[in-house]
Structures are given as structure tokens and as C-alpha cells.
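Asks: here you go, sequence then predicted model.
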Amino acid sequence: MCGIIGYTGSESVKDVLLDALELLEYRGYDSAGIAVEDDEIKQAKVYKCAGRVRDLRAICESEKLLTSCGIGHTRWATHGGVSDENAHPHQVGKVTLVHNGIIENYRELTADYDLGDSLVSETDSEVAAALLNRFYEGNPEEAIKKTVSKLKGTFALVILFSDHPGEIYSIRNVSPIVATLCEQGAMLASDLTALCRFTNRYFVVPEYHVLKLRRDGICLTDLDGKEKQPQYLTVDWELNNAGKNGYPFYMEKEIMEQPDAVERTIAERIRGGLPDFSADGVPDELFTGCDRINIIACGTAMHAGLVAQALVKSLLHMHIDVDMASEFMYSDPVIDKKTLVIAVSQSGETIDTLEAVKYAKKRGAKCLSIINVKGSSIARESDYVLYTNAGPEIAVASTKAYTTQLSIFYLIVAKMAHLRGVFTTEDTQSFVRELQRVPEVMQRVLKERREIHVLASRVLEAKDLFMIGRGLDYSILLEGSLKLKEVSYIHSEAYASGELKHGPIALITQDTPVVAAVTQEKLRSKELSNIKEVKSRGADIVLFIKESLAGDVDSAYETFLLPDMRDEFMVMPASVALQLLAYYVSSDKGFDVDKPRNLAKVVTVE
Ligand code: AGP
């Protein structure tokens, strides 16, 4: 999962490329590079280095680059370590390119075409450049067509040919590329974040089509050379939403944005106090015609699915599975045309989820996806889409995407309960009214965030810690634990608190931090007993408890009172509190909260 940018136009190309790479850096930040055309030497000049975009900017600073065309890349290493040589762009002969994806047969191609002598890096991407240069005889489209016919795997290639000044070429398979033509020129990128500085109109480059950008025009042709018209979309993100708006990190900004994001996500989907998906084109039959549900997603999106599973089982008494997308295809899932598959993805580009959706559809299932990025690959692959209106989520740690995904799940559950006669109209309206309280309840947690900052100090020095709870609290803590792991590098483990005594309690020693959540009335007494079990073995307790359940709680516990909601909605205030806990631990450790080591925002490799 890398970040790609290409630009040809009237603005300073170097600045456009570097600024865009900073916006795309969340996609991968092991190394960075740009290539800009140099009319004097009739070749693209490449500047690249291991490290961040700021390091790249430093090596380009003194260069007076008079040019009107260039490409750029931020890398999350797959093939080949983090080094200057393995950074993109790669240049072989007349070809300079950047690549996002994995070319699975790069070794065979190197041998079959004897490319070894032209390679200086360990990357699959440079092999693509060498092969393209081998096939290039002056016609870029022909060379591209011949090259991609040999490639196996996923790719978004963005290419400069030294004897085609002012032109940028691109072709993709699975890995994303969006493009636009605006008054500042023509631009393409891995995602909208880099484009929305100039425009909110864009199109998704169709797979296996050759895109040619010139500063005054765009040409899109299929592999038969037939010209195609780009299908422009409009992004409704506030252009300035792609900035930090004064916060030190995007993660804090995005945590704080959640009340508005939830409000935007549900407001247009409630009519007469009832869930209404007609504006999304999602028919009621989708919810009445299925006899089981299978949620597929990764990471935080999968954790949203776990909450939905708890709601569907407890309220609808329906069969529902939640599968990690990367496991789904290999787990012999029970899928048929009566199965409603719900794919959840913030980016809409996670390849594990995309491939799982394709697999499920081949098995006859209908697929509804819950996505944040309009027009993304998973959205296009799905039969129906419910978009979250979270706006751009830049921090690698997903926050507002999670709570807006949950908001949509609450609406789906209410809709299904009403359609299936589980809820009367009044029950449904009451449930929806509770959902409409979420933004205000989240605000109350955000107002108390300094208290959570104090709690963060209790776990700051931890190497290992447990998060314990039962039922919905366990699902809440799985997500809270992932947040803490990925931004603070503390080995946090969420555990069903009733299960600890069957082994893991052996790991509890004096002062082991244990974060507990108690938000479900029916589980309170057992959860408090489990907390006592670890407390008696020396654990240091940090407790997040629903206010109305907090009577006679041991004063030795560091306690945060969560504002009351109906039990099945308590995941909302609890999640915001746990996001803040992770955020403060990471920022107090002095880490780059938005770009944790080894991670990237969009995982487009399997
Ligand atoms: C979330 O904090 C993680 N960064 C990661 O688990 C993420 O949720 C996962 O990669 C799925 O991404 P998606 O929602 O874009 O598909």
C-alpha cells in the first residue's frame, strides 16, 4: 500500500508532488521519491530516499526544477528492504515509473527476459520498469499493453517516457488510481486525499485501461485502443477537511470529529423516526430475503462487525458470522443466495476484503458494503453500498470510520427488526431516538478527555497489559486494544474476562495494568468479580464503567464514568474513551501518532 501522485500543469510541479506526498504519506512512509522531467537532459530527474517526505523535501530543496510534469511515490516496503535504491521512482532506460501493488512473477520475468543487468534494486517494481523499457519502441500505449500482458498480480503503474515530454501514463489492476483534469492541469493519485486540494471532481481509472495525462487534456483508452470517456464523480468532502485544522495529529482531530461524523451518517437515513435507505438505493427485500448474514472485514472494520453480530444475535436472533476477510475464503464459509454478505471498509481498497467480496458473489451471495470512500474498489464490486459520511480519515488508526460504521449497523439492525416484526414501529422509533443521542453523548466524553489523559499515565510505561470484559464489553475492548497496540506499541491483549482463569491469569503479576469495561447491566456483577480476581493478584485496574452501574465500585480502581445510554449503545461512549486513552498514551510517548511504525492506512497487498 503505497501513495502515488502524478501531475502535469501550470503549478510548481515539485511543490505539488511533495505536498501531495505529505497528504498520501499515511498510505506508506518507509521511503519517498519524485521524478520530474528535465527538458535540458531529455530525461526525468529522480530524487528519492529512505525516510519521510520531509527528508525527500530536504534533498530537493535546493533544486531549481523548471518542469511541467512529474510523478511521486511514498513506499510501504513489500519486496526489498527500506533503502534509497528500493525507493521509487525506478528508472530504466527511457522509462521512469512508480508502482503500487505486488507483481507476483517478477523473478520469472527477470529470468525470461534476462533483465538482471538492468536492475539495481531488490524490487518487483523495477522489474516492471525494465520490462516496459525492453518493450518500448516509441509507442507508450503499445509497450504498456505488451508489458501488462506479462504481469501477474496487482499493480498501479504511473509512467514517464523520456521522449514523451509533458505526458504521464498509467494503468492499473486492483491497486487504486483516481484522476482529474482541472484548471491547474491534469493529476492522478492513489486516492482523493491528494486531489481534493485542487478539485472535488474525479474519476476512478478503470482497470486495464491506459490513461494518458497532458496538462490540457486526458485520454483514456482500452487495450484495443478504443477511447473511453472518464466517468466523473464528485466528492462531498469539505476541501479543508483534509488538513489537521490546528490539532497536533489527525487522530485527535478525527476523534473529535466523531459527533458530527455520526450525525452526518445517520441524519439522511431517518424518515419519520424510522431507518430509511431509499436514498441509498438499498431495497427492503435485501433485509427480508436473507436467512443469514456474513460480515467480512479487517481490523477495526471487523471489530465493528463484532458489535453488529452481538446486536443481530440479541435482537434479531439470526444466524450471523463475522469473518476476518483474510481468512474468509480459506474457511469454507457457508454462503448461498440466501446469505447477505456485508463488507465493511473505510478505504474501500483493502484487498483482503475486496477478494472476499468477489468470492462471496461468485457463491451467489448478495453483497452490501459499508464504505467511507466513494467509488472505491469494494464499493464498485458490491451490489449495494451504504456510505459512511465520516469525511477523509487520514490517521492510520481508524476512529471516526469505526463509529460511523457502527451507526450504519444500528440503522440496519433497526430496519431489519422492524421489517421482520421483532420491533413494533414504536420500538423502532425508540431505538432510533437512542441512536440520535449518540453525538451528544460522545460530546460528553470528549469534554472529559483531560480525565482520560490522566488515566493514560497509568499505562504509559506498560510493556504488556490486558483489557477484560464480557459480551459486548469484550467486543468493545478488542477494538480498544487494537487502538492501543497500533499507536503505542504496548502489547495489549483483550480477553473475555470469564476466560482469564482458564490460563492467561497466570500472566497477571504485581502492577500488571488491566483495563476493564463494564457497560452491560446483565454482566456487571460477573465482570466486577473477574476484576477482583485480577486485582487480588496485584493488577492495577483502570475501569471504564457506565455511570449508573458504578455504585460501590472499589475506590482503588482508577475509574472513568461513561455517560448512560441503553446497554446496546454503550459501545459508542466507551469506544471514544478508549480511542482517547490510546491517543494520549502514544502522544505522551512522543510517537508519530498518525503514522505508527510498520503500518499503512490502506492495505492493498494480501
Ligand atoms: C485500524 O485502526 C487499522 N488501521 C486497520 O485495522 C484497518 O481498520 C484495517 O486495515 C481495515 O481497513 P479498511 O477499513 O480501510 O478496510
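Replies: Looks like it came in fine.

Asks: straight-line length of stretch 75-88, end to end?
Replies: Using CA to CA, to the nearest Å, the span of stretch 75-88 from its first residue to its last is 7 Å.

Asks: and for stretch 266-279?
Replies: Taking CA to CA as the measure, stretch 266-279 stretches 12 Å from start to finish.

Asks: what residues sit buried inside it?
Replies: Neighbour counts using 16 or more other CB atoms under 10 Å place Ile266, Arg269, Ile270, Leu274, Pro275, Asp276, Phe277 of stretch 266-279 among the buried residues. For every residue, glycine as well, the C-beta is placed using N, CA and C.

Asks: which one of these is nearest to Ser407?
Replies: Ranking the buried residues of stretch 266-279 by separation from Ser407, with CB to CB as the measure, puts Ile266 on top at 5.2 Å.

Asks: how close does the nearest residue to that closest one once chain neighbours are set aside sit to the ligand?
Replies: Residue nearest to Ile266 in three dimensions, not counting chain neighbours: Ser407, with 5.2 Å by CB to CB, 6 or more residues apart in numbering. Distance check for Ser407 against the ligand: by CB to the nearest ligand atom, to the nearest Å, it reads 15 Å.

Asks: ok, then the element right after the helix or strand that contains Ser407?
Replies: Taking DSSP states H and E as the criterion, Ser407 maps to helix 400-419. Downstream of helix 400-419, the first helix or strand assigned by DSSP H and E is helix 425-436.

Asks: what's the angle between that following helix and helix 400-419?
Replies: Using axes from the mean of the first three to the mean of the last three CA atoms, to 10 degrees, the inter-axis angle of helix 425-436 relative to helix 400-419 is 170 degrees.

Asks: restricting to C-alpha, output helix 425-436 in PDB.
Replies: This file holds the C-alpha atoms of helix 425-436, laid out as PDB (Å, rounded to 0.1, in the frame of the first residue of the first chain):
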ATOM      1  CA  THR A 425     -43.000   0.900  14.900                       C
ATOM      2  CA  GLU A 426     -42.800   2.400  18.400                       C
ATOM      3  CA  ASP A 427     -39.900   0.100  19.400                       C
ATOM      4  CA  THR A 428     -38.100   1.000  16.200                       C
ATOM      5  CA  GLN A 429     -38.600   4.800  16.800                       C
ATOM      6  CA  SER A 430     -37.400   4.400  20.300                       C
ATOM      7  CA  PHE A 431     -34.300   2.600  19.200                       C
ATOM      8  CA  VAL A 432     -33.600   5.200  16.500                       C
ATOM      9  CA  ARG A 433     -34.100   8.000  19.100                       C
ATOM     10  CA  GLU A 434     -31.400   6.400  21.200                       C
ATOM     11  CA  LEU A 435     -29.100   6.300  18.100                       C
ATOM     12  CA  GLN A 436     -29.800  10.000  17.600                       C
END
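
Asks: count the neighbours of the residue nearest to Ile266 for me.
Replies: Ser407 has 27 neighbouring residues, counting by other CB atoms under 10 Å.

Asks: check the protein for the residue nearest the ligand and tell me.
Replies: Taking CB to the nearest ligand atom, the ligand has its nearest neighbour within the chain at Gly299, 1.8 Å off.

Asks: surely that residue meets Ala397?
Replies: No. At 9.8 Å, Gly299 does not count as touching Ala397 under the criterion of CB atoms under 8 Å.

Asks: show me which of those two is the more surrounded one.
Replies: When Gly299 and Ala397 are compared for neighbours, Ala397 comes out ahead with 30 against 23, by other CB under 10 Å.

Asks: you'd agree that one is up against Lys595?
Replies: No. Under the contact definition of CB under 8 Å, Ala397 does not touch Lys595, with a separation of 9.9 Å.

Asks: all helices of the stretch 151-300 of the chain, in order?
Replies: The residue ranges that make up the helices of the stretch 151-300 of the chain, judged by DSSP state H, counting those that start in this stretch, are 250-256, 258-267, 285-288, 299-311.

Asks: let's have those helices in a markdown table, adding mean pLDDT.
Replies: Written out in a markdown table, the entries for the helices of the stretch 151-300 of the chain read as follows (pLDDT from 0 to 100):
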| stretch | mean pLDDT |
| --- | --- |
| helix 250-256 | 96 |
| helix 258-267 | 97 |
| helix 285-288 | 96 |
| helix 299-311 | 98 |
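
Asks: how about a markdown table for these, with distance to Ser331 added?
Replies: Formatted as a markdown table, the entries for those read as follows, by distance: least, CB to CB, whole Å:
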| stretch | distance to Ser331 |
| --- | --- |
| helix 250-256 | 32 |
| helix 258-267 | 30 |
| helix 285-288 | 24 |
| helix 299-311 | 14 |
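
Asks: for the helix or strand of the chain at the bottom of the mean pLDDT ranking, buried residues please.
Replies: Within the chain, no helix or strand scores below strand 232-234, which has a mean of 88 by mean pLDDT, DSSP states H and E. If you call a residue buried by 16+ other CB under 10 Å, then strand 232-234 has these buried ones: Leu233.

Asks: cool, stretch 193-207 as well?
Replies: Neighbour-count burial for stretch 193-207 [16+ other CB under 10 Å]: 193-200, 202-206.

Asks: ditto for stretch 120-128
Replies: Buried residues in stretch 120-128 (16+ other CB under 10 Å): Ser121, Thr123, Asp124, Ser125, Glu126, Val127, Ala128.

Asks: mind checking which of those residues are in helices?
Replies: Of the positions in the buried residues of stretch 120-128, Asp124, Ser125, Glu126, Val127, Ala128 sit in helices, assigned by DSSP state H.

Asks: confidence score at the third one?
Replies: It refers to Glu126. Predicted confidence (pLDDT) at Glu126: the value is 96.

Asks: Val92 is in contact with that one, correct?
Replies: Yes. Taking CB under 8 Å as the contact criterion, Glu126 and Val92 are neighbours in contact, 6.8 Å apart.

Asks: how about the residues of the chain by the ligand?
Replies: Within reach of the ligand by CB under 6 Å from any ligand atom, the chain has these residues: 298-301, 345-347, 350, 353, 396-398, 486, 602-603.

Asks: most neighbours, which of the residues you listed?
Replies: For the residues of the chain next to the ligand, counting by other CB under 10 Å, the largest number of neighbours falls to Ser345: 32 neighbours.

Asks: next one: phi and psi at that one?
Replies: The main-chain torsion angles of Ser345 are listed as degrees, to the nearest 10 and equal phi -160, psi 130.

Asks: show me where the stretch 351-500 of the chain has helices.
Replies: For the stretch 351-500 of the chain, helices defined by DSSP H, counting those that start in this stretch occupy the ranges 351-362, 377-381, 400-419, 425-436, 438-447, 449-456, 471-488.

Asks: indicate which one of the helices of the stretch 151-300 of the chain is closest to Ile490.
Replies: Nearest to Ile490 among the helices of the stretch 151-300 of the chain is helix 250-256 (15.8 Å), distances taken as CB to CB.

Asks: what pairs with Gly70 across the strands?
Replies: Taking DSSP bridges as the rule, Gly70 bridges to Tyr7, Val36.

Asks: now do it against Leu188, distance only.
Replies: Using CB to CB, to the nearest Å, one obtains 12 Å as the distance from Gly70 to Leu188.

Asks: give me the common contacts of those two.
Replies: A shared contact of Gly70 and Leu188, defined by CB atoms under 8 Å, 6 or more residues apart in numbering, is any residue touching both; here these are Gly6.

Asks: I figured Val282 hits Tyr387, correct?
Replies: No. With contact taken as CB under 8 Å, Val282 and Tyr387 are classed as non-touching, separated by 11.0 Å.

Asks: can you name the residues that contact Tyr489?
Replies: Contact partners of Tyr489, counting by CB under 8 Å, 6+ apart, are Phe591, Pro596, Arg597.
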